[in-house]
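**Student:** take a look and give me a structure for this.
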Amino acid sequence: MSVEVRKWMKMSKYICNYMAVSFKNQSLTVQFSNHQNEDIKIFIQLLQQNKICRTFNFFGYDLSIHNHDLLHSLKKNKELTTLIINHFMNIEFLNEIITSNYSPSRIKLSYCFNLSSTLYGLCQAIGQNETLIDLDIIDQTSMDDKAATIELLNVLRRHKSIKHVRLHIFDI
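**Tutor:** From the prediction side, this is the model:
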């Protein structure tokens, strides 16, 4: 495995065979081009050694849904305050992160709700979370399950710690 390091305008970018990792300010952005265990191991090591990154941004369709080491590292990362996930369908993985003791206080989910079961799962996880302050949900697809949408709004209304909610949803 080879790792290439590029520096451009105070931004470090590490490029492995199937993964690109970028550090900018206090943000860590990861994109995988394939499900490769070697790259996941490097990424887990980066998470475990993290001392400065507060924001983690990744594309969920790139992650292996059965990677328990990655889930464990995310759940134990005390430095992480913001989690940004794009295109993610594995609600069990997301629930584990949201309901963990070290859950991020800000979560932004983009294009994650093609199925109503995903939305119901998110409602359950948000209801159990006591540290979430800021929630962004962006979805271009229509949430066609009216009951699931109403459940989400009810959970958000009852939630004690959430201060800011931004819903950018097409055709509610």
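**Student:** do a quick rundown of the helices in this structure.
**Tutor:** For the chain, the helices defined by DSSP state H occupy 37-48, 68-76, 91-98, 116-128, 146-158.
**Student:** dump those into a markdown table; add mean pLDDT as well.
**Tutor:** Shown next, in a markdown table, are those (pLDDT from 0 to 100):
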| stretch | mean pLDDT |
| --- | --- |
| helix 37-48 | 74 |
| helix 68-76 | 78 |
| helix 91-98 | 82 |
| helix 116-128 | 84 |
| helix 146-158 | 88 |
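**Student:** okay, the ones you listed in CSV with mean neighbour count and distance to R54 next?
**Tutor:** Any C-beta I mention is one placed from the backbone N, CA and C, and that applies to glycine too. Output for those, formatted as CSV (neighbours: other CB atoms under 10 Å; distance: least, CB to CB, whole Å):
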stretch, mean neighbour count, distance to R54
helix 37-48, 16, 13
helix 68-76, 16, 14
helix 91-98, 19, 15
helix 116-128, 18, 21
helix 146-158, 14, 24
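**Student:** now tabulate those helices in a markdown table and tack on distance to L135.
**Tutor:** Converted to a markdown table, the helices of the chain look like this (distance: least, CB to CB, whole Å):
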| stretch | distance to L135 |
| --- | --- |
| helix 37-48 | 22 |
| helix 68-76 | 18 |
| helix 91-98 | 10 |
| helix 116-128 | 7 |
| helix 146-158 | 7 |
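**Student:** out of those, nearest to R166?
**Tutor:** In terms of CB to CB, the element of the helices of the chain nearest to R166 is helix 146-158, at 11.0 Å.
**Student:** for that closest one, name the packing helices and strands.
**Tutor:** Secondary-structure packing of helix 146-158 (3 or more CB pairs under 8 Å, 6 or more residues apart in numbering; DSSP states H and E): helix 116-128.
**Student:** which residues are contacting the helix it packs on?
**Tutor:** Helix 116-128 is contacted from outside by 89, 91-92, 94-95, 98-99, 109, 112-113, 132, 135, 143-145, 147-149, 151-152, 155-156, 158-159, 162, using CB atoms under 8 Å, 6 or more residues apart in numbering.
**Student:** so what angle separates the directions of it and helix 91-98?
**Tutor:** Angle between the axes of helix 116-128 and helix 91-98 is 10 degrees (criterion: axes from the mean of the first three to the mean of the last three CA atoms, to 10 degrees).
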